[in-house]
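Colleague: Prediction below, plus the sequence it came from.
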Amino acid sequence: MLPAMAAGNDDAELMTRYAAGDVAAFAALYARHKGPLYRYFFRQSGNPDTADELFQDVWLRIIKARDRYTPTARFTTYMYQIAHNCLVDHFRKAGRAFTNGSGEPTAAAIPEPVAEEIDPAFASARWSLVDWENDPADSAPGPEAASSGEQRAGRLRSALDTLPIEQREAFLLHEEAEMGLADIAEVTGSNPETVKSRLRYAVKKLRTALGDLAPAAARPTSRTPGGALS
Amino acid sequence: MSTGNTPRDDAEFEAFLGRESPLSADYAGLEKAGPPASLDEKILAVAKVAARPAPKPVPKTEAKPVVAPIARKAVPTQPAPAAGAAAEGSAAIPTAAERRTRARPEPTAADDDDEALPARRPPWLLPAALAASVLVAVGVGLGVYLNAPSDSADATLDGSLFAKRARERSEESKAATAAVQDAEVIELEVAPLPPPPVFEPEGPQVQDLDGAIALIRKELVLANQVAAAQEDQALELQSLSSARTPGQQAAAPAPASEASPATASVVQPRERRLTKILELYDGGNPDLAGDSLEIFLRDFEDDPISKRIVALTPN
């Protein structure tokens, strides 16, 4: 996560310094944003190779456009706009539609997780720790079942995969890039009300997927009699 | 999927927007995936290469310090850190100015010696360098001037030797030039004249040139006599016509055979060429006279004199 929203000014300054030839400024900028940006691509594509490719593409574009960068907007917004465009191009090449915010996409429009179409083999193994839809522990929890925290994590990952792309993107930009509605709208080219609607749908679906499992911080970790984490 | 929003949903959503929702905590608890280290290195390397051509503005305060004797023992101050240099991660990679500062150690007590100050030059260094340059230039000039090894290896390079060698060289040069000019004159005189063009007439051959010349001479004498007689006749006719009246002069037509003095005095080509042949023969060029005669025989093949000349046989 970003340490603070006030880092935007620092980002612009670092980018300006890099445009003047200061490589250390770029290293600092990269270290600050590489994790959230990578997870934005990884959660959207579900494929580490695709995430690597898109992640690299974004940074190469930033490097290439360093001389034209003007700090008129937050660097985070600038960077995620590039990331959004890369992602749209990727989905277009993969044959998936990425609505441009005019209409509210439905879950039926994107019936399966993105990764299953891109890389079925990876999709079957990516969340191998907990598959809440087929996990017997979900239907019959017992001492050998996974802990509720892991269950919640697994359910959350799978629920994220089932979200429509636009809703998932809005959720990821809110959580990873710590963006507000206005910034998300600017990045995605939508109006803030549409973004708010997408986020509301996403939150509701995710909360429904988590069900009545208590949050990990609120529930004590259940342990097996042997003391190992279940 | 239900789209209706309950008050609980609204409250949870507001909490989510304020990052106070358990959902945000659950998402924050997911594994933190990140790019592989190889990708990090690759991107940073590309960024470094891309930033290399860009000129970095160097403040004047970071320029090469001027080392003056009065400030030799002063400790140079560190350059002021650039704005924003305290940003996270920037300290790991020093800037170029920082590297320059680190590469230049601070002066110590041992640096008080003059040898420890690389920027100081002895005052005699510049004149000595100029003198050495002048000596080298003079040596090179002399070497080019002499341009040849000396006959005596131990000869001293004094002014008399230079003057003597210069005079010798001048005399040698003049002698060589004169020899070349003489050789060219002799060559021109000795060179044989090109052979005269061989003229081989296809017409009748002159067997007896002397006899032919005699015939030509007689013919020309006869022709001159005829021409003189015609001229006298023409003058006589002109005097008679001037004694007539103008009306009779206009009524009486001129006789057809009457020739004007100008017409009579005109030398015909036949006689002119024969005269030329005689001139050549009398001028001591019998060969040219013979050649011209053969050409005449060919051009005036049907002329009586040509037939008589061809009919001549050598004695």
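Modeller: Noted; the coordinates are in hand.
Colleague: per-residue confidence averaged over the one helix or strand residue B:141 maps to?
Modeller: Following DSSP states H and E, the helix or strand that holds residue B:141 is helix B:125-146. The average pLDDT for helix B:125-146 rounds to 90.
Colleague: Same question for stretch B:225-241.
Modeller: Here the average pLDDT along stretch B:225-241 is 83.
Colleague: Next up, the contacts around residue B:43.
Modeller: Residue B:43 makes contacts with A:30, A:56, A:59, A:60, A:63, as judged by CB atoms under 8 Å, 6 or more residues apart in numbering or on different chains. All C-beta spots, glycine's among them, are computed from the backbone N, C-alpha and C.
Colleague: name the element the closest residue to the third one other than its chain neighbours belongs to?
Modeller: Using CB to CB, 6 or more residues apart in numbering or on different chains and skipping residues adjacent in sequence, the residue nearest residue A:59 is residue B:43, 4.8 Å away. In the assignment (DSSP H and E), residue B:43 maps to helix B:37-51.
Colleague: what comes up buried for that helix?
Modeller: B:39, B:40, B:42, B:43, B:44, B:46, B:47, B:50, B:51 (16 or more other CB atoms under 10 Å in any protein chain shown).
Colleague: Stretch A:185-204 now?
Modeller: Quick answer for stretch A:185-204 (16+ other CB under 10 Å): A:185-188, A:190, A:194-204.
Colleague: Could you export stretch B:289-307 as PDB, CA atoms only?
Modeller: Taking Å, rounded to 0.1, in the frame of the first residue of the first chain, the C-alpha atoms of stretch B:289-307 are listed here in PDB:
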ATOM      1  CA  ALA B 289      60.200  20.100-110.300                       C
ATOM      2  CA  GLY B 290      59.900  16.500-111.400                       C
ATOM      3  CA  ASP B 291      57.100  15.800-109.100                       C
ATOM      4  CA  SER B 292      55.300  18.900-110.100                       C
ATOM      5  CA  LEU B 293      55.800  18.000-113.700                       C
ATOM      6  CA  GLU B 294      54.300  14.600-113.200                       C
ATOM      7  CA  ILE B 295      51.300  16.200-111.600                       C
ATOM      8  CA  PHE B 296      51.000  18.500-114.500                       C
ATOM      9  CA  LEU B 297      51.200  15.600-116.900                       C
ATOM     10  CA  ARG B 298      48.300  13.900-115.100                       C
ATOM     11  CA  ASP B 299      46.200  17.000-115.000                       C
ATOM     12  CA  PHE B 300      46.900  18.000-118.600                       C
ATOM     13  CA  GLU B 301      47.200  14.600-120.100                       C
ATOM     14  CA  ASP B 302      45.800  15.600-123.500                       C
ATOM     15  CA  ASP B 303      48.000  18.800-123.800                       C
ATOM     16  CA  PRO B 304      50.500  18.600-126.700                       C
ATOM     17  CA  ILE B 305      53.400  19.400-124.500                       C
ATOM     18  CA  SER B 306      52.400  16.600-122.200                       C
ATOM     19  CA  LYS B 307      52.400  14.100-125.000                       C
END
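Colleague: Next, the buried residues of it.
Modeller: Buried residues in stretch B:289-307 (16+ other CB under 10 Å): B:289, B:290, B:291, B:292, B:293, B:294, B:296, B:297, B:300, B:305, B:306.
Colleague: Listing request: residues of the chain with sub-threshold pLDDT.
Modeller: This is for chain A. Counting by pLDDT under 70, chain A contains low-confidence ranges at A:1-9, A:96-146, A:212-230.
Colleague: was after chain B, sorry
Modeller: Applying pLDDT under 70 to chain B flags the ranges B:1-4, B:53-120, B:148-163, B:180, B:182-204, B:243-268, B:314-315.
Colleague: can you pull out the helices in chain A?
Modeller: For chain A, applying DSSP state H gives helices covering A:7-19, A:23-45, A:48-64, A:75-93, A:114-118, A:120-125, A:136-139, A:148-162, A:165-175, A:181-188, A:192-210.
Colleague: Just want the angle from the second one to helix A:148-162.
Modeller: Per axes from the mean of the first three to the mean of the last three CA atoms, to 10 degrees, the angle that helix A:23-45 makes with helix A:148-162 is 80 degrees.
Colleague: Just checking helix A:23-45 against chain B, any contact.
Modeller: Yes. Applying CB under 8 Å from any CB of the partner chain, one finds helix A:23-45 touching chain B at A:23-28, A:30-32, A:34-35, A:38-39, A:42.
Colleague: I'd like those as JSON lines, with neighbour count appended.
Modeller: As requested, these are exported to JSON lines (neighbours: other CB atoms under 10 Å in any protein chain shown):
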{"residue": "A:23", "neighbour count": "23"}
{"residue": "A:24", "neighbour count": "24"}
{"residue": "A:25", "neighbour count": "29"}
{"residue": "A:26", "neighbour count": "29"}
{"residue": "A:27", "neighbour count": "23"}
{"residue": "A:28", "neighbour count": "26"}
{"residue": "A:30", "neighbour count": "21"}
{"residue": "A:31", "neighbour count": "16"}
{"residue": "A:32", "neighbour count": "21"}
{"residue": "A:34", "neighbour count": "17"}
{"residue": "A:35", "neighbour count": "16"}
{"residue": "A:38", "neighbour count": "24"}
{"residue": "A:39", "neighbour count": "23"}
{"residue": "A:42", "neighbour count": "22"}
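Colleague: Alright, that wraps it up for me.
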